[in-house]
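Chemist: Based on what follows, work out the 3D shape:
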Amino acid sequence: MKFFQRAKFFFGQGFDDYIQRFLNGDDVSDLDHPGQMDSRAAMKYTAVFACVRVLAEALAGTPVMLYRKKENGDRETRNDLAIYDILHNQPNEEMSPFNFKETCMVSLNLGGNSVSQKLVNKYGDLVGLYPYEWSKVTITRDLATNRLVYKIRDGTKQLELSRDQVFHVAGMSMDGVVGLSPIEYVSSAIRLGLSYERFGINFYKNGANSSGVIEYPGALADTAYERLKKDFAKSYQGLANTGKPIILEGGAKFSQLSIKPADAQLIENKKFQLEDVARIYRVPLHLIQNLDRATFSNIEQQSLEFVMYTMLPWFKRWEENINMQLLTPLERRAGFYIEFKIDSLLRGDVLSRATSYAQGRQWGWLSVNDIRKLENMTPIANGDIYMQPLNFAEAGQTPSTEDSVSPNALAEDTYKMINERR
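Modeler: You can find the predicted model right below:
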């Protein structure tokens, strides 16, 4: 409480009232209507903004590949379906593929759902996708047909679409149809974080945090108190007046104070709220610029876990919805399917990759061109040859006496090849 008592003088009765409301928690309800949390209000909290941005950009920056599975089990990369052009080149006339996926992910992480209108030509073929803010969409069920109806409000206009006219990706859901809104279910944590940020702004906006306490021998009359407060604010508060000597009269004594938010555990509480939001979105703290417990050795592992445990469910959710909603039954029966190419997100450091490639080359399941392809390098002549370990042969056969290449030499050669590209 000493922190708040010291702050009273510099901000007057108005700030005194605010402190009381802050301690009572009344200011939290002022951020929005009780029981509700608007997406735009939630994005004003830096922790929410950072988590949503990390998730949206991670998915938007991952290539979406179109494959066709052959009868022998192999697969080939294809680009001859409309969905490939939509997701790789132009989802609509106003957005790039990155912007489209990013917008959909923002909607998913704020409202729990992403709804895009399917754009079709006169033949009914899919030619594009246009996303809408989740706050503008209402999903109902037609009791007569038992089919979902999507009502989209755009200003004074309202668009009504059926289930087969939209591309709908739902987040975690209780009914399997409409996703749960994270900011609605955890609005209390977001409100508390916004409350701490608002308090910090209100405390520091006058720049009086480096001052002290003025003590008078007796009680001050109301007129004298108001005059002193006005003169002090004019002459000593604000960044422009920082460092000015304070002139006092009437036996007043000025005691220098070191008022820090840490005295009231403001910083610690703000960090806890940041961790709380990161826990909700399952985002490692180092990805939202909190490096308190990060080390050189654990950041890479945490980044890989972020891909495996946070992004992989999102990739699967997108892949299955794209395959179900944007590919025709005929295309699916022909073996076509969409998949995110997450190899680059799972790659380790150069030395670890070189060791892994060397093992694959040594044991015969990677060729030179396989390795070069994984490193986005062009193939070379005779690079498709696979090696066989010297001591591996069929039973009863005499092993070859030719010298074999040691694993250490393979790792060293692979490491050099990768660094030449760098």
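
Chemist: Quick one: low-confidence residue ranges for the stretch 101-250 of the chain.
Modeler: For the stretch 101-250 of the chain, the stretches flagged by pLDDT under 70 are 200-214, 216, 218, 234-250.

Chemist: how does it look with 50?
Modeler: Low-confidence segments of the stretch 101-250 of the chain, defined by pLDDT under 50: 208-210.

Chemist: Quick one: the helices in it, in order.
Modeler: 182-185, 187-204, 222-235 (DSSP state H, counting those that start in this stretch).

Chemist: could I get the longest one in CSV with only the CA atoms?
Modeler: If I follow you right, that is helix 187-204. Listed next in CSV are the C-alpha coordinates belonging to helix 187-204 (Å, rounded to 0.1, in the frame of the first residue of the first chain):
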residue,chain,number,x,y,z
SER,A,187,-11.9,-12.6,-20.8
SER,A,188,-11.2,-12.3,-17.1
ALA,A,189,-7.4,-12.9,-17.6
ILE,A,190,-7.4,-10.4,-20.5
ARG,A,191,-9.3,-7.8,-18.6
LEU,A,192,-6.8,-8.1,-15.7
GLY,A,193,-3.9,-7.7,-18.0
LEU,A,194,-5.4,-4.6,-19.6
SER,A,195,-6.1,-3.3,-16.1
TYR,A,196,-2.4,-3.5,-15.1
GLU,A,197,-1.4,-1.8,-18.4
ARG,A,198,-4.0,1.0,-17.8
PHE,A,199,-2.7,1.5,-14.2
GLY,A,200,0.9,1.7,-15.5
ILE,A,201,-0.1,4.3,-18.1
ASN,A,202,-2.0,6.4,-15.5
PHE,A,203,0.8,6.3,-13.1
TYR,A,204,3.6,7.3,-15.4
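
Chemist: Can you add mean neighbour count and distance to residue 104 and give the helices of the stretch 101-250 of the chain back as CSV?
Modeler: Every C-beta, even on glycine, is put in place using the N, C-alpha and C of the backbone. Output for the helices of the stretch 101-250 of the chain, formatted as CSV (neighbours: other CB atoms under 10 Å; distance: least, CB to CB, whole Å):
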stretch, mean neighbour count, distance to residue 104
helix 182-185, 20, 15
helix 187-204, 19, 21
helix 222-235, 13, 49
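
Chemist: Select, out of these, the one closest to residue 326.
Modeler: Comparing those by their distance to residue 326 (CB to CB), the top pick is helix 182-185, with 25.3 Å.

Chemist: just checking, what packs against that closest one?
Modeler: Judged by 3 or more CB pairs under 8 Å, 6 or more residues apart in numbering; DSSP states H and E, helix 182-185 is in contact with helix 97-111.

Chemist: Among the helices of the stretch 101-250 of the chain, which comes closest to residue 285?
Modeler: Nearest to residue 285 among those is helix 187-204 (14.5 Å), distances taken as CB to CB.

Chemist: Let me have the helices of the stretch 101-250 of the chain in CSV, adding distance to residue 284 as columns.
Modeler: Shown next, in CSV, are these (distance: least, CB to CB, whole Å):
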stretch, distance to residue 284
helix 182-185, 17
helix 187-204, 18
helix 222-235, 44
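
Chemist: Relative to residue 130, which of these is closest?
Modeler: helix 182-185 (23.7 Å).

Chemist: still on that earlier bit, of the helices of the stretch 101-250 of the chain, which is nearest residue 389?
Modeler: Nearest to residue 389 among those is helix 182-185; the distance by CB to CB comes to 51.1 Å.

Chemist: which other residues reach the closest one?
Modeler: For helix 182-185, the external contacting residues (CB atoms under 8 Å, 6 or more residues apart in numbering) are 36-37, 39, 42, 48, 109-112, 171, 190, 280-281.

Chemist: and if you look at stretch 61-68?
Modeler: With CB under 8 Å, 6+ apart as the test, stretch 61-68 has contacts from 75-79, 81, 83-84, 87-88, 97-98, 101, 315, 322, 334-342, 344-345.

Chemist: how about 6 Å then?
Modeler: Among residues not part of stretch 61-68, those counted as contacts by CB atoms under 6 Å, 6 or more residues apart in numbering are 75-76, 78, 84, 87, 335-342.

Chemist: tell me the two of these that are most distant?
Modeler: Farthest pair in the contacts of stretch 61-68, by CB to CB: 335 and 342, 21.1 Å.

Chemist: re earlier: can I get the contacts of helix 182-185 in CSV including distance to residue 196?
Modeler: What follows is the contacts of helix 182-185, written out as CSV (distance: CB to CB, whole Å):
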residue, distance to residue 196
36, 20
37, 16
39, 20
42, 15
48, 13
109, 22
110, 21
111, 25
112, 25
171, 27
190, 11
280, 16
281, 19
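
Chemist: Pick out the most distant pair among those residues.
Modeler: 36 and 281, at 19.9 Å, using CB to CB across the contacts of helix 182-185.

Chemist: coming back round to it: and residue 335 and residue 342? Which one has more around it.
Modeler: residue 342 (17 against 14; other CB atoms under 10 Å).

Chemist: Mind checking which of the contacts of helix 182-185 are buried?
Modeler: For the contacts of helix 182-185, a neighbour count by 16 or more other CB atoms under 10 Å gives the buried set as 37, 39, 42, 48, 109-112, 171, 190, 280-281.
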